[in-house]
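In: using only what follows, build the 3D model:
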Amino acid sequence: MEGPIPDSETLRVGGVHFYPKENGKNHQTSKFELVEKGTPIVRRGQSFFVALRTPVRGFDESRDFIKLTFNFGPKPSPLNGTKFNLNAEKKPFHRTETSWACRIAAHDKNSISVEVRIGSETCVGIWNCVVETRTLRGGGPKYYNCPTDMYILFNPWDPNDTTYMSDVELLNEYVLEDAGKVWFGPYKTTHGRHWAFGQFDDCVLPLVCILLEKSGIPFTSRGDPVLVSRALTKMTNSNDDDGLLVGRWDGKYGDGVAPVAWTGSVPILEQYFTTLKPVKYGQCWVFSCVLCTVARALGIPCRVVTNYVSAHDTNSSLTVDIYFNDDNKQIDFDPNNPTGGKDSIWNFHVWNDVWMTRPDLPIGYGGWQAIDATPQERSDGGKGSFQCGPASVAAVRKGQVGLSYDIPFVLAEVNADLVHWKRDTSTAFGFKRMTCNNHHVGRMILTKKPNEFDADGDTDREDILDQYKNKEGSRAERLTLLNAARSTRNAAQYFEFEENPVNDFEFDLVELDKVQIGDSFRVVAKITNKGNLSRTVQADLGAESVYYMGVRAQEVKKATGKFTVAPGKTEELKMTVKPEDYLPKLVEYGIMKITAVCVVDGTSQSWFEEDDFQIIKPVLGMEVAANLKFQQQSEVTYSFKNPLNTRLTECSIRYEGPGYTRCGTIPLNDVGEYADFKYTYEFIPKQLGTQRWVATFTSKELVDIVGSAVVEVSS
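Out: Numbers count the residues shown, from 1 in each chain. Below you'll find the predicted structure:
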């Protein structure tokens, strides 16, 4: 009788090759720097090829058994989808199946080509592989632990994946594009700023896995883009679990980097990867751009969106409530908010949309989902972490505030009513309503058009406001908000107040669009008596510098007037603001707020209006030498004119271009008052093709001078 084959006859695997570059082409991962360095990166729902090296002898189907085991996390188990044992056989895959499988595609005397299919619901992150061989006649097993780990990512190209997006052209933008734009400024002076996402840099995927580990999301949940994206919003800020970025909005950035100085995500991610300490500092647009980087790296389609005139509702009332005392002075706290928070309106607020199905929600609420990493409020009605979303954009548009996650907060951001209250002790509420503006919030929501790029202007912007809400002022828009208010306990009481009687006065604050830095401007309030009696009106004008999230920085100037306005007549209160008034008090982004408060004596009529505008700063010119050659020295010249009668000190330029030149900082000499600045910098292009470069000039006296360029690098 023939005995069992000895252990020495068991097929021995001497090495495994994952074909990272070849598989990368089929899996849309070849742009990752790790792939170039030999790390396999593949997407779930597809198959990839691996070669088993057998130095002693070849594979014999009649005597050899091969099993590949893929493990994920510290305690992998076949029961929870973190371990898969795959027998390698010479059988074709069933095309309709979406689970893991393995087959022997070919073999010769010293190698075996194995095709592995990854399940469409596989957890994303770092996996390792163990190859087991044994004989069919009882020979002892041999194991080969692959020294190279592999990354498995979401696959929005796969119809069975929960991140599936059918339009391949959109995937080129929302997954594969590594540079883009984020929109800034008050809604009357919007402008796009270039940003280098850099999701293919070699530090990004390892760091994303660290962030997911620190977030506490179970390994078994890391195949669900809903839970993964939610965890990433928490870990992009540092308020919980020492995440990526420290938020700061007060202009005091001496112990870190000013948010306006960042040009891309990679320097932030590299610093955190090196120190594992939160990076100083970020603001909403920095949080959003970094979150876009990590989402695209994992394979979740993602876009950066900017909401203009964005409400921050601190008590789930679906209103932004501003209170005034008896002297028409704004109260610096919300007397009716038990949590102590104060509502505000941000000139602009930036968050992200990610694309996925929502099997946890009723049908119809998949597609774009809003996520927000800026630490504004704790999630789940103040009981959770500083995270937000994913909130179905379709649910926001329909006012479905009962669905997960954070729908009421996002709905308020784009469609809250702005209400001004004046103290009135005769009412149970303690205040009477002065004005209610139901069209002030959510003027535009801008994102970059797919696969378009305007280096010098904003023709590549896309307004997606209609995806978030019905047409402003339409019956559908008002019904959505009112129905949402009825379903929200805190909101219902704010929508029950009766409107004030019809006023016989008409007030108008003349809006300003923009003012060039160094120019004077005039604030004008017009007061028209449409009644039959002469009335006395008390009017107050104010101008102040504000941070972009609506918080007052410094008072610049104020004026007061008292008018007796005859029937059918118009009076004006005017105030001129000169450069010497506002320049010492201007803060980053150059945003100013003008306000007007009017009270008609002897009546209940009162009025408040405000307008934000921007002091426009110069653009950083970037002139790049023509005919750039790969790996050959070239140069770029930066330039702008100092608009101030002040010497600029502590000057520097930060620059970045993904795959083009490593990010860096250039220290500079002082720039004289009203002087022309020019500086030439030498560099060596690192990658062929069309490249985008973004740079920012920063000084102690003048910040946020931004420039960009698109260049072509040839061989």
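In: tell me which stretches of this structure form helices.
Out: 20-26, 33-36, 168-174, 204-215, 225-236, 266-275, 284-298, 379-382, 393-398, 407-415, 465-468, 475-486, 489-492, 579-582 (DSSP state H).
In: quick one: list the elements packing against the fourth one.
Out: So that's helix 204-215. strand 125-135, helix 225-236, helix 266-275, helix 284-298 (3 or more C-beta pairs under 8 Å, 6 or more residues apart in numbering; DSSP states H and E). Where C-beta positions appear, they are placed from N, C-alpha and C, glycine not excepted.
In: returning to what we had before: reformat the helices of the chain as a markdown table; add mean neighbour count.
Out: Shown next, in a markdown table, are the helices of the chain (neighbours: other C-beta atoms under 10 Å):
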| stretch | mean neighbour count |
| --- | --- |
| helix 20-26 | 17 |
| helix 33-36 | 18 |
| helix 168-174 | 17 |
| helix 204-215 | 20 |
| helix 225-236 | 26 |
| helix 266-275 | 19 |
| helix 284-298 | 27 |
| helix 379-382 | 14 |
| helix 393-398 | 23 |
| helix 407-415 | 27 |
| helix 465-468 | 17 |
| helix 475-486 | 16 |
| helix 489-492 | 17 |
| helix 579-582 | 16 |
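In: so which of those is nearest Lys91?
Out: Of all these, helix 20-26 sits nearest to Lys91, with 21.3 Å by C-beta to C-beta.
In: which residues touch that closest one?
Out: Residues outside helix 20-26 that contact it (C-beta atoms under 8 Å, 6 or more residues apart in numbering) are 29-30, 32, 35-36, 38-42, 46, 48-49.
In: which among these count as buried?
Out: Using 16 or more other C-beta atoms under 10 Å as the burial test, the contacts of helix 20-26 include Thr29, Ser30, Phe32, Val35, Thr39, Pro40, Ile41, Val42, Gln46, Phe48, Phe49 as buried.
In: is it correct that the fifth one is in contact with Pro147?
Out: Pointing back at Thr39 there. No. Using C-beta atoms under 8 Å, Thr39 makes no contact with Pro147, being 11.4 Å away.
In: distance check, the residue nearest to Cys289 when sequence neighbours are not counted against Phe640.
Out: Distances taken as C-beta to C-beta, 6 or more residues apart in numbering place Trp195 nearest to Cys289, at 4.8 Å, with adjacent residues excluded. Applying C-beta to C-beta, to the nearest Å, the value for Trp195 to Phe640 is 20 Å.
In: who has more neighbours out of these two?
Out: Trp195 (28 against 19; other C-beta atoms under 10 Å).
In: related to what we said a few turns ago, mind listing which of the buried ones among the contacts of helix 20-26 are in strands?
Out: Ile41, Val42, Phe48, Phe49 (DSSP state E).
In: among these, which one sits closest to Asp612?
Out: Ile41 (44.8 Å).
In: quick revisit: closest to Glu452 out of the buried ones among the contacts of helix 20-26?
Out: Ser30 (23.7 Å).
In: for Tyr164, see how far away that closest one is.
Out: Relative to Tyr164, and taking C-beta to C-beta, Ser30 is found at 21 Å.
In: check contacts around the closest residue to Lys398 other than its chain neighbours.
Out: Spatial nearest neighbour of Lys398, excluding adjacent residues (C-beta to C-beta, 6+ apart): Thr480 at 6.4 Å. By C-beta under 8 Å, 6+ apart, the contact list for Thr480 reads Arg397, Lys398, Gly399, Asn415, Lys469, Asn470.
In: got the contact list for the closest residue to the fifth one other than its chain neighbours?
Out: Of all residues beyond its chain neighbours, the one nearest Lys469 is Asn415 (5.0 Å), with distances taken as C-beta to C-beta, 6+ apart. Listed by C-beta under 8 Å, 6+ apart, the contact set of Asn415 reads Ala311, Leu318, Val441, Gly442, Tyr468, Lys469, Glu477, Thr480, Leu481.
In: pLDDT for the residues you listed - can I get that in TSV?
Out: Output for these, formatted as TSV (pLDDT from 0 to 100):
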residue	pLDDT
Ala311	96
Leu318	93
Val441	96
Gly442	96
Tyr468	98
Lys469	96
Glu477	92
Thr480	91
Leu481	90
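In: so what's Val671 up against?
Out: Asn642, Arg647, Leu648, Cys651, Phe677, Ser699.
In: for it, give its distance to Thr649.
Out: 8 Å.
In: any residues in contact with both of these two?
Out: Ser699.
In: was I right about Arg486 contacting Gln493?
Out: No. If you go by C-beta under 8 Å, Arg486 and Gln493 don't touch, sitting 11.0 Å apart.
In: any idea how many residues pack against Phe507?
Out: When neighbours are counted by other C-beta under 10 Å, Phe507 comes out with 21.
In: just the pLDDT at the nearest residue to it once chain neighbours are set aside, thanks.
Out: Closest residue to Phe507 apart from its sequence neighbours, by C-beta to C-beta, 6+ apart: Trp607 at 4.4 Å. Per-residue pLDDT puts Trp607 at 87.
In: just Met165 next, same as before
Out: 98.
In: please tell me how far the closest residue to it other than its chain neighbours sits from Ala196.
Out: Spatial nearest neighbour of Met165, excluding adjacent residues (C-beta to C-beta, 6+ apart): Pro156 at 4.7 Å. Computed with C-beta to C-beta, the distance linking Pro156 and Ala196 is 22 Å.
In: over to Arg647?
Out: With C-beta to C-beta as the criterion, Arg647 and Ala196 are 31 Å apart.
In: ok, now Phe495?
Out: Distance from Phe495 to Ala196, by C-beta to C-beta: 45 Å.
In: can you check His440 too?
Out: In this view, His440 and Ala196 are 34 Å apart by C-beta to C-beta.
In: more neighbours, those two?
Out: Neighbours were counted for His440 and for Ala196 using other C-beta under 10 Å; Ala196 has more, 28 against 17.
In: residues contacting the more buried one?
Out: Taking C-beta under 8 Å, 6+ apart, one finds Asp178, Ala179, Thr263, Gly264, Ser265, Val266, Glu656, Gly657, Pro658, Cys663, Arg692, Val694 in contact with Ala196.
In: with the residues you listed in mind, which one is nearest to Gly282?
Out: Ser265 (10.5 Å).
In: wait, what's in contact with the nearest residue to the closest one once chain neighbours are set aside?
Out: Among residues not flanking Ser265 along the chain, Thr293 sits closest, at 4.0 Å (C-beta to C-beta, 6+ apart). Residues in contact with Thr293, defined by C-beta under 8 Å, 6+ apart, are Phe197, Gly198, Gln199, Val204, Ser265, Val266, Leu269.
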